[in-house]
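In: Any chance you could fold what I've pasted below:
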Amino acid sequence: MPQVETTVAQFPSTILNLMGIEIPEGLPSSDQEIVRRFNPKSVVLIMIDNFGLFEAVVYKPETLIKNMEALALLGTDDPYAVPLISRVLRGPAPGSGFHLIEHVKSSGKVTRVICHKDDMAVFGFDPSYTIGIRKDMDVYIESTKNIFKSELLYMHFLDFESLYAQYGHRTPPKTLLEKIVRRTDNWIKVLARQARDDTLFVIIGNHGRNPIPLGYEGKLAEWRTANAPIAIMFQKRADLSE
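Out: As a prediction, this is how the structure comes out:
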């Protein structure tokens, strides 16, 4: 498994570098080990809540593991969803005025964001390029419509906490999480088939919006506590097997 140690603070510059877009002054330098591995024509940036190194190892999402070319361990002082995603989008200085999506769009790239409606205000997404929806299924459906024509496609899956609140007392949370990881992995498999050649997939996991007791015991509980946010990366190439 090819591992790269990088930081969340470097990720905006790394994405811009991969897309051949000028990096604004004040951002940390890009991770050159990641940049050397890929030469994409378009980028699909996928955020998944409650998904990290632990879930990748325990649940073994088939599509992600089969296609993975790099596994980036993301160094950050706050691995939860809102601060982590904010750092990816706005860099280490949120008050600087930089926004990754806006910067890519202003560079002439076809850009689309698909996320839950509440996230539009939280992360500063403009309605001109954003499709606001309410369920992960809708994120997936809209993504299939936009993946082939976007140069940067950002999407965010975050059903786990709402489903946990709804069904958690009847379904063990770790069972629910496993189902969601496998479901999302299957969706990514379809998206990879539909994407144009030389599309780079960047799947970033975080610790979710709030701590949730998943019910692990013993060593599994210890490993889950030490869970690290990750970015699984692969590029669809002309010879990528289905």
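In: drop to CA atoms for contacts and neighbour counts, all remaining ones
Out: Noted.
In: give me the element Thr144 is part of.
Out: helix 136-146 (DSSP states H and E).
In: So which elements touch the helix or strand that comes right after that helix?
Out: For helix 136-146, the following helix or strand on the C-terminal side (DSSP H and E) is strand 152-157. Applying 3 or more Cα pairs under 8 Å, 6 or more residues apart in numbering; DSSP states H and E, we find strand 152-157 packed against strand 42-48, strand 111-116, helix 136-146.
In: shaky segments in the chain?
Out: 1, 94, 160-161, 163-173, 209-227, 239-242 (pLDDT under 70).
In: which residue ranges form the strands in the protein?
Out: Applying DSSP state E to the chain gives strands spanning 3-7, 42-48, 70-75, 111-116, 130-133, 152-157, 199-205, 230-235.
In: Run the angle between the longest helix seen in the chain and strand 230-235 for me.
Out: If you go by DSSP state H, the chain has its longest helix at helix 173-194. Between the axes of helix 173-194 and strand 230-235, defined by axes from the mean of the first three to the mean of the last three Cα atoms, to 10 degrees, the angle is 20 degrees.
In: buried set for helix 173-194?
Out: Across helix 173-194, burial judged by 16 or more other Cα atoms under 10 Å covers 173-174, 176-178, 180-182, 184-189, 191-192.
In: Surely Pro2 and Leu71 touch.
Out: Yes. The criterion here is Cα atoms under 8 Å, and Pro2 meets it with Leu71 at 6.0 Å.
In: The two: which has the busier surroundings?
Out: Leu71 (22 against 8; other Cα atoms under 10 Å).
In: For the more buried one, list each beta-bridge partner.
Out: Gln3, Ile232 (DSSP bridges).
In: Phi, psi for the residue lying closest to Arg182 once chain neighbours are set aside please.
Out: Spatial nearest neighbour of Arg182, excluding adjacent residues (Cα to Cα, 6 or more residues apart in numbering): Pro61 at 5.8 Å. Recorded main-chain torsions at Pro61 are phi -60, psi 120, according to degrees, to the nearest 10.
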